[in-house]
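1. Sharing a sequence plus its predicted fold:
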Amino acid sequence: MRTPRTIVTAGLIAVVPVAFHRSYQMLTSKHPSMYKSLYNYSNAANQRLSMAGSLARVIHSIADELKNKRAQSTSALPGLNSMLVPPNSPPRRGTRLSGDAPQRVSWSHMESTGYTPKRG
């Protein structure tokens, strides 16, 4: 389901690598006045590091950081992230004591009119 929050989050995830790539290109280049045209400036920047290379660099650095975090963490429960589960926490159990599923409530009397019911 696409909610405004997921749309904004996806947009931010898409913008961050582009911002990293553009910043890296600007920081590793000569002054723009040293080039004949903006096309030459852009071409030189892409020759140094393309967007695909920039994304690969970000992915490798995140993967290395994740490996380091996993190596440092000592999880009391195997298979669970120690940062998400506090140490010495009791195991999770189901809340339903019987095997019966709860009955679905019918709200048809409210849905038919389209109005909020009166109080009292």
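-> Here it is on my side, so go on. Numbers count the residues shown, from 1 in each chain.
2. where exactly do the helices run in this protein?
-> Taking DSSP state H as the test, the helices found in the chain are 4-27, 38-48, 51-72, 108-111.
3. If you count neighbours, what's buried in the longest one?
-> Yep, that's helix 4-27 we're talking about. Buried residues in helix 4-27, counted by 16 or more other CB atoms under 10 Å: 21, 24, 25. The C-beta positions use only the backbone N, C-alpha and C, and glycine is treated the same way.
4. what do you get for the third one?
-> Using 16+ other CB under 10 Å as the burial criterion, the residues of helix 51-72 that qualify are residue 54.
5. What helices and strands are in contact with that helix?
-> In terms of contacts (3 or more CB pairs under 8 Å, 6 or more residues apart in numbering; DSSP states H and E), helix 51-72 is packed against helix 4-27.
6. Reformat the helices of the chain as TSV; add mean pLDDT and distance to residue 88.
-> Compiled in TSV, the helices of the chain are given as follows (pLDDT from 0 to 100; distance: least, CB to CB, whole Å):
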stretch	mean pLDDT	distance to residue 88
helix 4-27	86	33
helix 38-48	87	51
helix 51-72	87	19
helix 108-111	57	47
